[in-house]
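Q: Only the shape, not the letters, is given here:
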């Protein structure tokens, strides 16, 4: 009986994300309508609240007004050898 | 040339431990070593002289003596124990989320080193898994017969009212957070396919449930999946079934001239407790030994339990014991100590090492037969 990963992700995907891009307004060259509507979750650097921002929104915490936000870690799977 | 005396035979297998040197260390019970004597290997002779004696035997820690066996074979057992008996260990870690302070690769390494235990029937049923490389395609995708899946999922949060308690100065994590320490007992095995049946009498779990894997603080989260494979210590130390398996040779202490009075007490202090005993000189001894005449009733150093000696050679540093004592070891008396990590019982481990050596010998024999065809 062959085994498939419960999440459906292929087992040999060792891709990790590269350096994260800076703020919310950075990057995105050929952006589509779908792209623009997408929210990205950030964490406030001061009060630790989670802040979801759209493209073009001012980089600011809704709770405390702090202007430093941290990008969250990717939820993409990363594979390691336990060696 | 007659057969050697018992005394001569004892002397031949005694390793001399001098103040700064070691003598007579190499085996000499080999053909053509002693003129006129036959030392060919002989099964009847081996059966007569070989002996196994257990000193302590607890499930995961045992100590036993093998006597009348060559170093090469005893060492083969030790090496097989360390590196050729299979166990399960976590081999691949798929990390979905890890916001704890431990880096992904360090966490994966820690998980790999956790000793796992499972039903022996299931372990025997499991096949080897090999990763595909440039040269070979390996054993294909992981399946129920060569891979066990484990999960670890935990998120640390504030307790009810924990934040207020922290503001008041409470620092005990047990009173502030939930899931602040993740232990080996939190690894959850997911039985797949035939594993349900094969591991029915012993699920795959950590041997020691209290191994701390990671500590977390509110907002931190770990979510990962692991693949445990069957492997051997040769591949990676995490697969080794023993914490340690070692042997030492039986130490000997020969008091050649009597050590009496205050010297005897000092002599006893040169050794670990229980090795040297103090006894009064009896009337009979005083009569027999000219060196003891008139010393009846004085205390005398006697060897009580040489097995407990660490062979520190401390007694050889003192001039008053010079020429009164000879230290040595018995070349064919191996005191084994086998500490299991928990998958196997210690005495089973030794039997398994014997079985594996036998399998290897049969393999060589088949190879030789093949050559002679």
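A: Nice, thanks for sending it over. Since we're looking at a predicted model, the values are computed, not measured. Numbering: from 1, shown residues only, chains lettered A, B, ... in the order given.

Q: in chain A, what residue is nearest chain B?
A: residue A:82 (2.8 Å; C-beta to the nearest C-beta). Any C-beta I mention is one placed from the backbone N, CA and C, and that applies to glycine too.

Q: Hmm, that residue is touching residue B:92, no?
A: Yes - counting by C-beta atoms under 8 Å, residue A:82 does reach residue B:92; the two are 6.8 Å apart.

Q: now the helices: where do they sit in the stretch 251-373 of chain B?
A: B:261-269, B:283-288, B:346-372 (DSSP state H, counting those that start in this stretch).

Q: re earlier: now the phi/psi pair for the closest residue to the residue of chain A closest to chain B other than its chain neighbours, please.
A: The shortest distance from residue A:82 to any non-neighbouring residue, by C-beta to C-beta, 6 or more residues apart in numbering or on different chains, is to residue B:112 (2.8 Å). Here is the backbone geometry of residue B:112 (degrees, to the nearest 10): phi -60, psi -30.

Q: Okay, residue B:112 and residue B:233: tell me how far apart.
A: Noted for residue B:112: a distance of 13 Å to residue B:233, by C-beta to C-beta, to the nearest Å.

Q: just residue B:367 next, same as before
A: According to C-beta to C-beta, residue B:367 stands 24 Å off from residue B:233.

Q: Compare those two (neighbour count), which wins?
A: Legend: neighbour count by other C-beta atoms under 10 Å in any protein chain shown for residue B:367 and residue B:233, higher for residue B:233 (21 against 10).

Q: Please read off the pLDDT at that one from the model.
A: According to the prediction, residue B:233 has pLDDT 96.

Q: got the contact list for it?
A: B:82, B:83, B:84, B:85, B:239, B:240, B:241 (C-beta atoms under 8 Å, 6 or more residues apart in numbering or on different chains).

Q: Of those residues - the most surrounded one?
A: Busiest of the contacts of residue B:233 [other C-beta under 10 Å] is residue B:241, holding 26 neighbours.

Q: Now do the contacts for it.
A: B:81, B:85, B:86, B:87, B:233, B:340, B:341, B:343, B:344, B:349.

Q: if we go to 6 Å?
A: By C-beta atoms under 6 Å, 6 or more residues apart in numbering or on different chains, the contact set of residue B:241 is B:85, B:87, B:341, B:343, B:344, B:349.

Q: likewise residue B:39?
A: Here residue B:39 is in contact with B:29, B:30, B:31 (C-beta under 6 Å, 6+ apart).

Q: Need the per-residue pLDDT for the residue in chain B that chain A sits nearest to.
A: With C-beta to the nearest C-beta as the measure, residue B:112 is the residue of chain B nearest to chain A, at 2.8 Å. Note on residue B:112: pLDDT of 97.

Q: So what's the residue count around residue A:61?
A: Counted by other C-beta under 10 Å, the residues lying close to residue A:61 total 21.

Q: Make sure it is actually in contact with residue A:52.
A: No - using C-beta atoms under 6 Å, residue A:61 is not in contact with residue A:52, being 11.2 Å away.

Q: any shared contact partners between these two?
A: Common contact partners of residue A:61 and residue A:52 (C-beta under 6 Å, 6+ apart): none.

Q: mind listing what's buried in stretch B:256-268?
A: By neighbour count, and taking 16 or more other C-beta atoms under 10 Å in any protein chain shown as the criterion, the buried residues in stretch B:256-268 are B:258, B:259, B:260, B:263, B:264, B:267, B:268.

Q: got it, and stretch B:311-327?
A: Buried residues in stretch B:311-327, counted by 16+ other C-beta under 10 Å: B:311, B:315, B:316, B:321, B:324, B:325, B:327.

Q: Next: stretch B:118-126.
A: Using 16+ other C-beta under 10 Å as the test for burial, stretch B:118-126 gives B:118, B:119, B:122, B:123, B:126.

Q: Also stretch B:288-304?
A: Result for stretch B:288-304 [16+ other C-beta under 10 Å]: buried residues B:292, B:295, B:299, B:300, B:301, B:304.

Q: sorry, back to before: where helices are concerned, which of the contacts of residue B:233 count?
A: Assigned to helices by DSSP state H, the following of the contacts of residue B:233 qualify: B:82, B:83.

Q: can you redo the contacts of residue B:233 as TSV with pLDDT?
A: Below are the contacts of residue B:233 laid out as TSV (pLDDT from 0 to 100):
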residue	pLDDT
B:82	96
B:83	96
B:84	96
B:85	96
B:239	97
B:240	97
B:241	97
